[in-house]
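*Asks:* Got a predicted structure plus its sequence, pasted below:
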Amino acid sequence: MASEPVNVNAFQELARQVLPKMYYDFYTGGAEDQFTLKENVEAFRRITLRPRVLVDVSRIDMSTTVLGYKISAPIMIAPTSMHQLAHPEGEVATARAAAASDTIMILSYGSTCTVEEVASSCNAVRFFQLYIYKRRDISAQIVQRAEKNGYKAVVLTVDVPRPGKREADIKNKMVSPQLKNFEGLISTALDSDEGSSFEAFIRASFDDSLCWEDVIGWLKSITTLPIIIKGILTHEDARKAVEVGVAGIVVSNHGARQLDYTPATISVLEEVVYAVGGKVPVLFDGGIRRGTDVFKALALGAQAVLVGRPVIYGLAANGEDGVRKVIKMLKDEFELTMALSGCPSLKDITRSHVRTESDRLPSML
Ligand SMILES: Cc1cc2nc3c(=O)[nH]c(=O)nc-3n(C[C@H](O)[C@H](O)[C@H](O)COP(=O)(O)O)c2cc1C
Ligand SMILES: CCCCCCC(=O)C(=O)O
């Protein structure tokens, strides 16, 4: 019998053992040379910690709020598509794990369970992630279904005007299943003789003409939910996002699945935080695999982090229980990091608790 996983990376191997290669590659892969995929993880290793000692850490409080919703730790579930390809219970199992872990789940626009099924499965606080089809009426309809079913925010992902070139999916001829949310509205199960039919579907259906002037205004005209924008990597775009009135920003390169050779997200977090200047919360994702990674992201200004692939690996390995374990491991490691760094609460985690590459540069000159 395989030994019990002792860290979240171990779940990746468990997922590899149970998943068909096409699906495992889909979940794991990044775009093109996968430079950014490696960097998202590696860049965390180049940041070191500056702990303080002789601080009372007998009680650690990891709790925080996101848009006013209290969560037990600053670790949320990122939107990732098609959970039923990993486990038959799909997003329902993930949502139940989020509820049990007292955290927020962001349901993907590309979910395999419907908005309603997930909403009625448990009492997790849920946000709804949105892409916008050329057929805007379909996207508007699903936002309204999410609002009606108690989702608390819309997370608009802005880094997919076109699908990135994911070479494993092309080789495997990744299939695009019919998504139940869109049954009778749009066929998501495109037949493509060549390459990834999933990529072909996105290319055919997503609106690649969206722009700042148009999209947020349109979204505000169809929903009263707060809007979080996901996929910001520069201070220029962070300022624009604040100007157009978003309620939050997610620093993200889409788990390195879109534009290869973008920097690791952790290396641009501070730039965005500085530009936003505290006007709205900044969330972060990309490469979170350890509690120390969560700590580093918070020290560099994130309000909370989102976790993508490790949640899918936990789901594939053991359904709801696997996802619970992944979140618990990250929480336990984060709690330990806070204790060993002399930070009993999140407000005690400061910029001076980490040393980045750019901090080291001046001393090298
Ligand atoms: C298999 C997979 C599917 C994804 N699907 C979506 C999606 O539907 N919508 C979205 O905004 N981001 C999606 N993402 C990106 C994640 O929300 C997140 O940005 C990324 O996974 C974070 O990096 P990590 O996997 O290293 O934690 C997906 C990522 C993966 C790996
Ligand atoms: C309507 C299907 C969209 C799924 C998009 C999935 C995604 O973002 C990914 O990175 O894969």
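*Replies:* It's in. Ligands and ions are numbered 1, 2, ... in the order given.

*Asks:* What is the neighbour count of R360?
*Replies:* 11 (other C-beta atoms under 10 Å). Backbone N, C-alpha and C define where each C-beta goes, glycine included.

*Asks:* Please apply the same query to R52.
*Replies:* Going by other C-beta under 10 Å, the residues that sit close to R52 add up to 14.

*Asks:* need the contact list for it.
*Replies:* 341-343, 353 (C-beta atoms under 8 Å, 6 or more residues apart in numbering).

*Asks:* In the stretch 251-365 of the chain, what residue lies closest to ligand 1?
*Replies:* G308 (2.2 Å; C-beta to the nearest ligand atom).

*Asks:* Got the phi and psi for the closest residue to that residue other than its chain neighbours?
*Replies:* In this structure, G308 finds its nearest non-sequential neighbour in A78, 4.1 Å apart by C-beta to C-beta, 6 or more residues apart in numbering. Main-chain torsions, A78, degrees, to the nearest 10: phi -70, psi 150.

*Asks:* Kindly report the same for N9.
*Replies:* Torsion angles, degrees, to the nearest 10, at N9: phi -60, psi -30.

*Asks:* From R289, how far out is it?
*Replies:* 6 Å (C-beta to C-beta, to the nearest Å).

*Asks:* hang on, the earlier thing: how far away is the residue of the stretch 251-365 of the chain closest to ligand 1 from L233?
*Replies:* From G308 over to L233 the distance is 16 Å, taken as C-beta to C-beta.

*Asks:* my read: the residue of the stretch 251-365 of the chain closest to ligand 1 touches M76, true?
*Replies:* No. In this structure, G308 is not within contact of M76 by C-beta atoms under 8 Å, at 10.5 Å.

*Asks:* Assign E335 to helix, strand or coil.
*Replies:* Here E335 is recorded as helix under DSSP: H, G, I helix; E, B strand; the rest coil.

*Asks:* can you pull the buried residues of the helix or strand that contains S120?
*Replies:* Per DSSP states H and E: S120 is located in helix 115-121. For helix 115-121, the neighbour count (16 or more other C-beta atoms under 10 Å) marks 115, 117-119, 121 as buried.

*Asks:* tell me what that helix is packed against?
*Replies:* Packing partners of helix 115-121 (3 or more C-beta pairs under 8 Å, 6 or more residues apart in numbering; DSSP states H and E): helix 90-100, strand 104-107, strand 125-130, helix 136-148.

*Asks:* And the next helix or strand past the longest one?
*Replies:* Which is helix 136-148. Next along from helix 136-148, by DSSP H and E: strand 154-157.

*Asks:* shaky segments in the protein?
*Replies:* Scanning the chain with the threshold set as pLDDT under 70 gives 1-2.

*Asks:* For it, what lies in contact range of ligand 2?
*Replies:* 81, 109-110, 131, 160, 179, 188, 254, 257 (C-beta under 6 Å from any ligand atom).

*Asks:* Tell me how far the residue nearest to A297 when sequence neighbours are not counted lies from C113.
*Replies:* Leaving aside its sequence neighbours, A297 sits nearest to F284 (C-beta to C-beta, 6+ apart; 4.6 Å). Separation of F284 from C113 (C-beta to C-beta) stands at 26 Å.

*Asks:* Neighbour count for those two, which is higher?
*Replies:* Neighbours were counted for F284 and for C113 using other C-beta under 10 Å; F284 has more, 29 against 23.

*Asks:* Show me what the helix or strand encompassing that one is packed against.
*Replies:* Secondary structure from DSSP H and E places F284 in strand 282-285. Helices and strands touching strand 282-285, by 3+ C-beta pairs under 8 Å, 6+ apart, are strand 248-251, helix 269-276, strand 304-307.
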